[in-house]
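K.L.:
Dropping a prediction and its sequence here:
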Amino acid sequence: MRVLIEREIVDNIHNDLSNTAHYFKKRVLERLANDDRDGIFLEMMATLTMTAFAFEANLNFLGMTKNVPKWRGKNLDDKLTTLLELFGLTPNMEARPYSTVGPLKKLRNTLAHGKPRTYADNEIFVGTYDEAYKLQRKETEWEAMVNPEFMTMAYDDTDQIWHELLAAAQIEVWETISGQGMHGLTLIDGDIDPDDEV
């Protein structure tokens, strides 16, 4: 038997990234509520990383759907600016939710490019032993960003921007899901055995 197998599959990866970010965010918040903190920093890192990836993937979906010229060469800032202009939106970039994009991008870039750094400084401190003990290990800038408040804010703010852009683009959420497409078999020649499993 010879058949033509036809497939057209729509894979919108932004859904998978968004679902992963949502899963980790929900898990972190549940664990915090139960005072279960073992490894929670790592799960907050995962949430923030997936949130950042999902946000750019959301922008990519819109840029590709709207056939924006030279989309592939644009960086995150240019993508967002291009879409805002295309949809006639002029948000206050210094206020939430848009002000969250810059710090999230900075964290994503730090984690994605993972360059080692050495910090050295000296400080005269006056206080208790416990206070001095806490200060001896200096937290890096990116570590300070990995906390429940920023994690929640980044997730919520990028989700709000996504829905604002979808509305401006006149795209319904159901139009963004994966799994659309078609598939089929066409018999070219030969016989189909009625005893074959289908």
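P.N.:
Nice, thanks for sending it over.

K.L.:
where's A57 relative to T82, distance?
P.N.:
Applying CB to CB, to the nearest Å, the value for A57 to T82 is 16 Å. For the C-beta atoms, the positions are set from N, CA and C on the backbone; glycine is no exception.

K.L.:
Likewise for W162?
P.N.:
Taking CB to CB, one finds W162 at 16 Å from T82.

K.L.:
Can you name the residues that contact M45?
P.N.:
L111, V146 (CB atoms under 8 Å, 6 or more residues apart in numbering).

K.L.:
Now the residue nearest the centre of the chain. Nearest residue, chain neighbours left out?
P.N.:
Nearest to the mean C-alpha position of the chain, by CA atoms, centre = their mean, lies A54 at 2.3 Å. With sequence-adjacent residues excluded and distances taken as CB to CB, 6 or more residues apart in numbering, A54 is closest to L17, at 3.7 Å.

K.L.:
and if you look at R2?
P.N.:
R2 sits nearest to I188 (CB to CB, 6+ apart), 4.4 Å away.

K.L.:
F53 now?
P.N.:
L17 (4.8 Å).

K.L.:
I177 too?
P.N.:
Closest to I177 by CB to CB, 6+ apart is N15, at 6.2 Å.

K.L.:
and the one you found, what pLDDT?
P.N.:
pLDDT for N15: 91.

K.L.:
isn't it right up against V173?
P.N.:
No. N15 lies out of contact with V173 (CB atoms under 8 Å); the separation is 10.1 Å.

K.L.:
ok, the two, which is more surrounded?
P.N.:
N15 (17 against 10; other CB atoms under 10 Å).

K.L.:
Mind telling me what element the more buried one is part of?
P.N.:
Assigned by DSSP states H and E, N15 falls within helix 13-33.
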